[in-house]
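1. Generate a structure from the sequence data that follows.
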Amino acid sequence: MHRRYFLAGAAACLATPAYAQNLNFQAAAAYSAERRGVAVLVMHDGRAIFEDYPNGGGAAEGHELASGTKSFTGIIAAAAVQDRLLRWDEPCADTLTEWRSDDRRRITIRDLLSLTSGVEGGPIARPPNYADAIAAQSGAAPGARFAYGPTPFQIFGEIIKRKTSGDPLAYLQRRVFEPLGISPTHWRRGADGNPHMPSGAGLTARDWARFGWLVMQNGEGRLDAEALAQCFNGTRANPGYGLSWWLWREGLVAPGRTQSVDVDPALTRQFGPIHMAAGAGDQRLYLLPQQRLVVARQATGIMRALLRRNRDENPWSDAAFLRTLLNA
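-> I've put the predicted structure just below:
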């Protein structure tokens, strides 16, 4: 049974700009539901204007974000830049003294979070503990290639742990989540007790969208706008990946050979930049700054996707979903 809400009823529709009234909510929700979807939430100007919870989903149900978790790290870094705990272009070895005697001394925070540090990404969905992560060696010069995986994010977790003398998740909660009223429903930790930074966060669609709105609004005064903007600059190695965020741009390098992101240049030409947090099982958080839209989409099937057992009759397409929603 679908649980679908047009918030504030007719009053919301009257208050919504004309282009938003023309969004095809029902068709987009149906597209998602037919592909294991449990939540679709559309937010405009910071206000949820449509929610749909099919297939057993619910507004209060938290769902794992899988690699959608990674995009929190860029925001943690932006907060730390504002708090003068780090600089984007400082060497990681300023904090990780173990790196000062080898080639890793050249790797910066920017290199690490853009996944161009030269450190291999590691096996997908198998985050190493923090100690093993910082022991990983460099296999290429910083900036030379894009390598997707969990290891760089676990390295970043150790950096924040040392910078704050505390838990990285506690820093995120204090600086970002608590002021917004966001409460993760769960967050996986490793055997070492440290939070997983590349995966494992669980949020409701509403909370994920609230987070997206904060980011799209340049931090709403809680985060330094200039520091935050750095998250949305691509690299030569991957124009379609910023600092922990996917960027809908031509030349985007996908996470792996069996994974793809179907960028449609026609959508960005018509609607402006599109940024995305993305996780296995087609967890998605889309930011469309020029349209003042945030779209959260959650689904089942994370483990099947990670085990590469998804043989869906109706495979997910980011471009098809957004074309449907935007009537493009």
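
2. my guess is residue 139 meets residue 117, correct?
-> No. If you go by CB atoms under 8 Å, residue 139 and residue 117 don't touch, sitting 9.8 Å apart. Just so you know, the C-beta spots here come from the backbone N, C-alpha and C atoms, and that holds for glycine as well.

3. avg pLDDT for stretch 286-301?
-> Stretch 286-301 carries an average pLDDT of 98.

4. buried residues in it?
-> Across stretch 286-301, burial judged by 16 or more other CB atoms under 10 Å covers 286-289, 291-301.

5. Where strands are concerned, which of the residues you listed count?
-> By the criterion of DSSP state E, membership of these in strands covers 286-288, 293-299.

6. Could you pull out the helices in this protein for me?
-> Assigned by DSSP state H, the helices in the chain fall at 9-15, 18-21, 25-33, 71-82, 109-113, 130-135, 151-164, 168-172, 178-180, 205-216, 225-229, 265-271, 302-306, 318-326.

7. how about those helices, which one is nearest residue 259?
-> Closest approach to residue 259 among those (CB to CB): helix 302-306, 8.8 Å.

8. On the strand side of things, show who the residue nearest to residue 25 when sequence neighbours are not counted bridges to.
-> Leaving aside its sequence neighbours, residue 25 sits nearest to residue 50 (CB to CB, 6 or more residues apart in numbering; 4.4 Å). Under the criterion DSSP bridges, residue 50 forms beta bridges with residue 42.

9. from memory residue 227 sits against residue 84, does it?
-> No. The pair residue 227 / residue 84 is not scored as a contact, 10.6 Å apart, by CB under 8 Å.

10. Distance across stretch 289-297, terminal residue to terminal residue?
-> In stretch 289-297, first residue to last residue: 17 Å (CA to CA, to the nearest Å).

11. got it, and stretch 287-294?
-> With CA to CA as the measure, the first residue of stretch 287-294 is 5 Å from its last.

12. Identify the residues contacting it?
-> 19-20, 42-45, 209, 212-213, 215-216, 271-276, 285-286, 295 (CB atoms under 8 Å, 6 or more residues apart in numbering).

13. Low-confidence stretches in the stretch 1-150 of the chain?
-> Along the stretch 1-150 of the chain, the model assigns pLDDT under 70 to residues 1-19.

14. low-confidence ranges in the stretch 201-328 of the chain?
-> For the stretch 201-328 of the chain, applying pLDDT under 70 flags the ranges 257-258, 309-311.

15. For residue 209, give its distance to residue 216.
-> 10 Å (CB to CB, to the nearest Å).

16. quick one, which of those two is more surrounded?
-> Using other CB atoms under 10 Å as the criterion, residue 209 and residue 216 rank with residue 209 on top: 24 against 20.

17. Just name the closest of the ones in strands among the buried residues of stretch 286-301 to residue 259, please.
-> residue 299 (15.2 Å).

18. so how far is stretch 181-196 from its chain's centroid?
-> With CA atoms, centre = their mean, to the nearest Å as the basis, stretch 181-196 stands 16 Å off its chain's centre.

19. likewise stretch 303-316?
-> 20 Å.

20. what do you get for stretch 190-207?
-> The answer for stretch 190-207 is 12 Å, by CA atoms, centre = their mean.

21. now do stretch 84-104
-> Remark: stretch 84-104 is offset 24 Å from the chain centroid, using CA atoms, centre = their mean.

22. Can you measure across it, start residue to end residue?
-> End-to-end distance of stretch 84-104 (CA to CA): 23 Å.

23. Which positions within it qualify as buried?
-> Judged by neighbour count using 16+ other CB under 10 Å, the buried positions of stretch 84-104 are 85-86, 88, 91-96, 99, 104.

24. Distance to residue 34 for the residues you listed - can I get that in CSV?
-> As requested, the buried residues of stretch 84-104 are exported to CSV (distance: CB to CB, whole Å):
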residue, distance to residue 34
85, 45
86, 44
88, 41
91, 48
92, 44
93, 49
94, 50
95, 47
96, 46
99, 48
104, 46
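
25. And stretch 262-274, what's buried?
-> 263-264, 267-268, 271, 274.

26. Could you do stretch 45-60 as well?
-> 48-55, 57.

27. now do stretch 104-121
-> 104, 106-121.

28. Provide the partner residues of the most centrally placed residue in the chain in its beta bridges.
-> For the chain, residue 277 is the residue whose C-alpha lies nearest the centre (CA atoms, centre = their mean; 2.7 Å). Counting by DSSP bridges, residue 277 is bridged to residue 285.

29. so how far is residue 325 from it?
-> Distance from residue 277 to residue 325, by CB to CB: 17 Å.

30. swap in residue 280?
-> Residue 280 is 22 Å from residue 325, by CB to CB.

31. Identify the structural domains in this protein and state their residue ranges.
-> 8-61+262-271+287-295+305-317, 64-202+217-260 (automatic domain parsing).

32. Go through these and pick out the most buried.
-> The highest mean neighbour count among these belongs to domain 64-202+217-260 (a mean of 19), with neighbours defined as mean count of other CB atoms under 10 Å.

33. what's the distance between it and the middle of its chain?
-> Chain-centre distance of domain 64-202+217-260: 11 Å, with CA atoms, centre = their mean.

34. still on that earlier bit, surely the residue nearest to residue 25 meets residue 27?
-> No. Judged on CB under 8 Å, residue 50 makes no contact with residue 27 at a distance of 11.6 Å.
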